[in-house]
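Trainee: Show me the folded form of this:
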Amino acid sequence: MEIKVLGPGCQKCKTLEKLTREVVEKHGINATIIKVEDIVEIMKYRVIATPSLVVNETVEIKGRVPSADELLQILKKYE
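Mentor: Next up is the predicted model:
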């Protein structure tokens, strides 16, 4: 699966990227994680608030950092 963390580099964006990498590694999820900081690219997903999480081109989270458990449940839908 392809996971994109959308955000310009704020603390919440960094936290979501770190949490995503930790959950993927801990649970052995086969995924490519891409950090998208370009505002033009972020706008293509029609998100107003960051951080946002995109899985296989579907926006799953907008404007917040989820718990590790919530993130895991989202990623399991795509396995």
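Trainee: After the helix or strand of the chain with the lowest mean pLDDT, which helix or strand is next? Please name it.
Mentor: Averaged element by element with mean pLDDT, DSSP states H and E, the chain has its least confident helix or strand at helix 39-43 (a mean of 95). Using DSSP states H and E, the helix or strand that follows helix 39-43 in sequence is strand 52-55.
Trainee: Could you give me the buried positions within the helix or strand just after that following strand?
Mentor: Note on strand 52-55: by DSSP H and E, the next helix or strand toward the C-terminus is strand 58-62. Burial within strand 58-62, assessed by neighbour count using 16 or more other CB atoms under 10 Å, is assigned to 60-62. Backbone N, C-alpha and C define where each C-beta goes, glycine included.
Trainee: and the residue positioned nearest the centre of the chain, what pLDDT?
Mentor: The chain has residue 53 as the residue nearest its centroid, 2.9 Å off, counting by CA atoms, centre = their mean. The pLDDT attached to residue 53 in the predicted structure is 98.
Trainee: what's the answer for residue 9, then?
Mentor: 87.
Trainee: Same check on the one 4 residues further on?
Mentor: For residue 13, the pLDDT comes out at 95.
Trainee: Is it in a helix, a strand, or coil?
Mentor: helix (DSSP: H, G, I helix; E, B strand; the rest coil).
Trainee: Could you check how many residues crowd around it?
Mentor: Here the neighbour count serves as a burial measure; for residue 13 (other CB atoms under 10 Å) it reads 20.
Trainee: For this protein, identify the residue most remote from the centre.
Mentor: Among the C-alpha atoms of the chain, the one most distant from their mean position (CA atoms, centre = their mean) is that of residue 40, at 17.1 Å.
Trainee: That one and residue 8, how far apart?
Mentor: Between residue 40 and residue 8 the computed distance is 11 Å (CB to CB, to the nearest Å).
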